[in-house]
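Asker: coords please:
(one chain, ligands or ions: 1)
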Amino acid sequence: MNGTMMSVIPGETHGFHPASTPDYLPAAQLRDLQLGRLRGIVRRAYENVAYFRKGMQARGVTPGDLRTLGDIVQLPFMVKNDLRDTYPFGLFASPLSDIVRLHASSGTTGKPIVVAYTREDIAVWASVMVRSFAACGLHQGDVIQNAYGYGLFTGGLGAHYGAEELGAMVIPISGGNTDRQIMIMKDFGVTAICCTPSYFTHLIERAGELGVNMKELPLRAGVFGAEPWTDGMRRHIEAHTNIKAYDIYGLSEIIGPGVGVECQCQAGLHIFEDHFYPEIIDPETCEPLADGAEGELVLTTLSKQAMPVIRYRTRDITAILAEPCACGRTIRRIRRIGRRSDDMFIIRGVNVFPSQIETALLSIDGTTPHYQIVLTRAHGLDELAVRVEMTPALFSDKISGLEELQQRITQAIERTIGIRADVRLVEPNTIARSEGKAKRVLDQRNMES
Ligand code: DLL
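Answerer: Below is the predicted model:
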């Protein structure tokens with residue numbers, strides 16, 4: 001691969017990382033590679049996992065029926081419950097003695113889902129994380145503060161091994177311990193941070209309270225993911241720091257972080273298609289949708305040995321962007337994920353996504369990204385309240401200024417979702433801060449008084 005070609009991209013001053021070679025494969029070669037891997041993984045799943053064998057037999061499909069990539073539509077979908085029903089080890093395609101790592105996602109209800117990796121799978125994961133960091137312009141010499149949680153959550157260790165493999169200096173601080181994070185960021189010359197975007201807004205705020213000006217730090221990149229975040233949130237982060245804020249996507253079921261990432265162009269997230277095959281379907285009918293159309297992302301792991309996942313319905317809503325990217329990568333992109341099909345709430349008959357409220361809120365000057373959506377029901381009628389924290393400066397402002405701000409937020413929300421929300425400006429530091437994924441919606445409608 002030609003290194004000079006890549007260095008035309010602003011920010012990619014260190015040129016090309018060899019691990020990124022598959023990002024630039026000619027399309028025909030990539031499709032061949034995908035087909036070969038798909039056939040291999042489906043056969044492996046069929047031969048080693050009763051769940052897949054039964055599912056395929058029920059549809060009268062055998063691994064030999066996969067002649068083209070398009071034949072993937074013959075295979076059944078998987079959903080989260082399939083992973084729960086086979087808890088803990090029912091989907092493993094490798095003997096336990098070949099498995100070197102387990103992670104689990106914290107199920108909000110019932111049992112967690114368990115995911116497994118062979119040594120080879122861990123190497124693939126590190127390589128897609130290297131490619132992710134490289135796409136964000138990071139390289140050997142960077143000092144990466146990894147504030148994703150270490151443990152059963154995939155964020156911490158996933159980013160850790162990728163950053164080490166890149167040759168960067170990794171600070172494995174995990175989430176929380178906010179004052180210490182800021183001290184380390186300052187004292188260790190941190191150049192890049194990995195954490196959830198909501199936690200980073202908390203770090204910005206706390207740095208301000210401690211008198212640390214983030215703009216004076218060498219911090220220049222943030223690799224943010226694990227939850228939806230809007231362009232308004234990106235502007236907030238970039239306005240308070242010298243960071244270029246990149247979006248990274250992934251899910252435990254598929255591998256963890258590193259399924260896709262933004263490049264310097266920040267025009268959608270490149271999917272590492274040589275390992276993860278993306279499809280978009282209509283979530284209602286399950287019909288495949290064409291490139292460009294918005295629908296539910298379905299992913300198939302093409303190389304995972306310990307636990308192949310085939311046609312997994314992610315619930316994440318996006319579109320495949322097939323047009324070439326200005327960065328030169330040939331792997332396709334998906335649009336940033338603003339919502340999941342299951343985070344929608346219905347209020348007085350209107351479908352609302354939390355990200356719509358965030359977008360409306362952050363379009364108004366003087367607001368903060370610290371907010372919470374509270375749903376209640378009084379006398380059978382749904383009420384939508386949005387609590388928004390004021391900045392300390394605003395808090396000491398005149399009442400009239402606050403009323404005007406409240407009104408502007410109310411109008412912006414009404415313009416976006418067509419419903420009047422009860423906007424309440426609350427004192428600074430009264431909404432719980434998250435160290436990981438933020439909980440934006442408090443649904444108290446089944447607690448009717
Ligand atoms: O959140 C893996 C991860 C760690 C990704 C660190 C990025 C960075 P899970 O806990 O299994 O895995 O949650 C996966 O989180 O299906 C999406 O709904 C959401 N999600 C992850 N990244 C993004 C993103 C990790 N960049 C679920 N934008 C996914 C929007 C995201 N949603």
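
Asker: My read is that residue 273 contacts residue 329, right?
Answerer: No: Residue 273 lies out of contact with residue 329 (C-beta atoms under 8 Å); the separation is 10.0 Å. Every residue, glycine included, has its C-beta placed from N, CA and C.

Asker: quick one: contacts for residue 165?
Answerer: Contact partners of residue 165, counting by C-beta atoms under 8 Å, 6 or more residues apart in numbering, are 19, 126, 127, 129, 130.

Asker: what do you get if the cut-off is 6 Å, keeping everything else the same?
Answerer: Neighbour list for residue 165: 126, 130 [criterion: C-beta atoms under 6 Å, 6 or more residues apart in numbering].

Asker: Need phi/psi at it.
Answerer: Main-chain dihedrals, residue 165, degrees, to the nearest 10: phi -60, psi -30.

Asker: The ligand versus that one, what's the distance?
Answerer: 16 Å (C-beta to the nearest ligand atom, to the nearest Å).

Asker: what pLDDT does that residue get?
Answerer: At residue 165, the pLDDT value in this model is 98.

Asker: same question, residue 257
Answerer: 98.

Asker: what's the closest residue to the ligand within the chain in contact with, if anything?
Answerer: Residue nearest to the ligand within the chain: residue 225 (3.0 Å; C-beta to the nearest ligand atom). Applying C-beta under 6 Å, 6+ apart to residue 225 gives the contacts 248, 249.

Asker: residues near residue 28, how many?
Answerer: 8 (other C-beta atoms under 10 Å).

Asker: I'd guess it is in a strand, am I close?
Answerer: No: counting by DSSP: H, G, I helix; E, B strand; the rest coil, residue 28 is not found in a strand; it is helix.

Asker: that older thread, looking at residue 273 and residue 329, which has the bigger crowd around it?
Answerer: residue 273 (24 against 21).

Asker: what's the closest non-adjacent residue to the more buried one?
Answerer: residue 331 (4.6 Å; C-beta to C-beta, 6 or more residues apart in numbering).

Asker: Now the phi/psi pair for the one you found, please.
Answerer: Dihedral angles (degrees, to the nearest 10) for residue 331: phi -60, psi 140.

Asker: Could you check how far it is from residue 408?
Answerer: 42 Å (C-beta to C-beta, to the nearest Å).

Asker: Same drill for those two, tell me which one is more crowded.
Answerer: When neighbours are counted by other C-beta under 10 Å, residue 331 and residue 408 differ, and residue 331 comes out ahead with 22 against 16.

Asker: Now do the same contact list for the more buried one.
Answerer: So residue 331 contacts 23, 270, 273 (C-beta under 6 Å, 6+ apart).

Asker: picking up where we left off before, and the residue nearest to residue 273, how far is that from residue 137?
Answerer: 17 Å.

Asker: and what of residue 154?
Answerer: 23 Å.

Asker: Now tell me what touches stretch 353-370 from outside.
Answerer: Residues contacting stretch 353-370 (C-beta under 6 Å, 6+ apart): 201, 228, 230, 232-233, 236, 338-339, 344, 371, 373, 389, 391, 405, 408-409, 412-413, 416-417, 431, 440-441.

Asker: From those residues, keep the buried residues only.
Answerer: 201, 228, 230, 232-233, 236, 338-339, 371, 373, 389, 405, 408-409, 412-413, 416-417, 431, 440 (16 or more other C-beta atoms under 10 Å).

Asker: Can you narrow the residues you listed down to the ones near the ligand?
Answerer: residue 228 (C-beta under 6 Å from any ligand atom).

Asker: what does this structure put close to the ligand?
Answerer: Within the chain, the residues that sit near the ligand (C-beta under 6 Å from any ligand atom) are 105, 148, 154-155, 225-228, 247-252, 256-257, 314, 316, 337, 340.

Asker: Okay, and which of those map to helices?
Answerer: 154, 155 (DSSP state H).

Asker: in which helix or strand would I find the residue nearest to residue 383 when sequence neighbours are not counted?
Answerer: Distance criterion C-beta to C-beta, 6+ apart; nearest residue to residue 383, sequence neighbours excluded, is residue 376 at 4.8 Å. Residue 376 is part of strand 371-378 when elements are defined by DSSP states H and E.

Asker: pLDDT of stretch 354-369, averaged?
Answerer: 92.

Asker: okay, how far is it across that stretch, tip to tip?
Answerer: End-to-end distance for stretch 354-369, by C-alpha to C-alpha, to the nearest Å: 12 Å.

Asker: Tell me the buried residues in it?
Answerer: 354-364, 367-369.

Asker: need the strands for the stretch 201-350 of the chain, in chain order.
Answerer: Secondary structure of the stretch 201-350 of the chain, counting by DSSP state E, counting those that start in this stretch: strands at 221-225, 244-251, 256-262, 269-271, 276-281, 295-301, 312-318, 320-321, 333-334, 339-340, 345-347, 350-352.

Asker: Redo these as JSON lines? Include distance to residue 40.
Answerer: Below are the strands of the stretch 201-350 of the chain laid out as JSON lines (distance: least, C-beta to C-beta, whole Å):
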{"stretch": "strand 221-225", "distance to residue 40": "29"}
{"stretch": "strand 244-251", "distance to residue 40": "22"}
{"stretch": "strand 256-262", "distance to residue 40": "19"}
{"stretch": "strand 269-271", "distance to residue 40": "19"}
{"stretch": "strand 276-281", "distance to residue 40": "12"}
{"stretch": "strand 295-301", "distance to residue 40": "11"}
{"stretch": "strand 312-318", "distance to residue 40": "18"}
{"stretch": "strand 320-321", "distance to residue 40": "23"}
{"stretch": "strand 333-334", "distance to residue 40": "24"}
{"stretch": "strand 339-340", "distance to residue 40": "30"}
{"stretch": "strand 345-347", "distance to residue 40": "42"}
{"stretch": "strand 350-352", "distance to residue 40": "41"}
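
Asker: nearest to residue 121, of those?
Answerer: strand 295-301 (9.0 Å; C-beta to C-beta).

Asker: partners of the closest one in the sheet?
Answerer: Strand 295-301 has the following strand partners under DSSP bridges: strand 276-281 (antiparallel), strand 312-318 (antiparallel).

Asker: Dump the C-alpha coordinates for it into PDB.
Answerer: Output of strand 295-301 as PDB, limited to C-alpha atoms (Å, rounded to 0.1, in the frame of the first residue of the first chain):
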ATOM      1  CA  GLY A 295     -32.800   0.300   8.800                       C
ATOM      2  CA  GLU A 296     -31.500  -2.100  11.400                       C
ATOM      3  CA  LEU A 297     -27.900  -3.200  11.200                       C
ATOM      4  CA  VAL A 298     -27.400  -6.900  11.000                       C
ATOM      5  CA  LEU A 299     -23.800  -8.200  11.500                       C
ATOM      6  CA  THR A 300     -22.100 -11.500  10.800                       C
ATOM      7  CA  THR A 301     -18.700 -12.300  12.200                       C
END
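
Asker: So what's the gap between that strand and the chain middle?
Answerer: A distance of 14 Å separates the centroid of the chain from that of strand 295-301, by C-alpha atoms, centre = their mean, to the nearest Å.

Asker: Let me see the contact set for the closest residue to residue 372 other than its chain neighbours.
Answerer: Counting by C-beta to C-beta, 6+ apart, residue 372 lies nearest to residue 387, which is 4.8 Å off, once chain neighbours are set aside. Counting by C-beta under 6 Å, 6+ apart, residue 387 touches 372, 424, 426.
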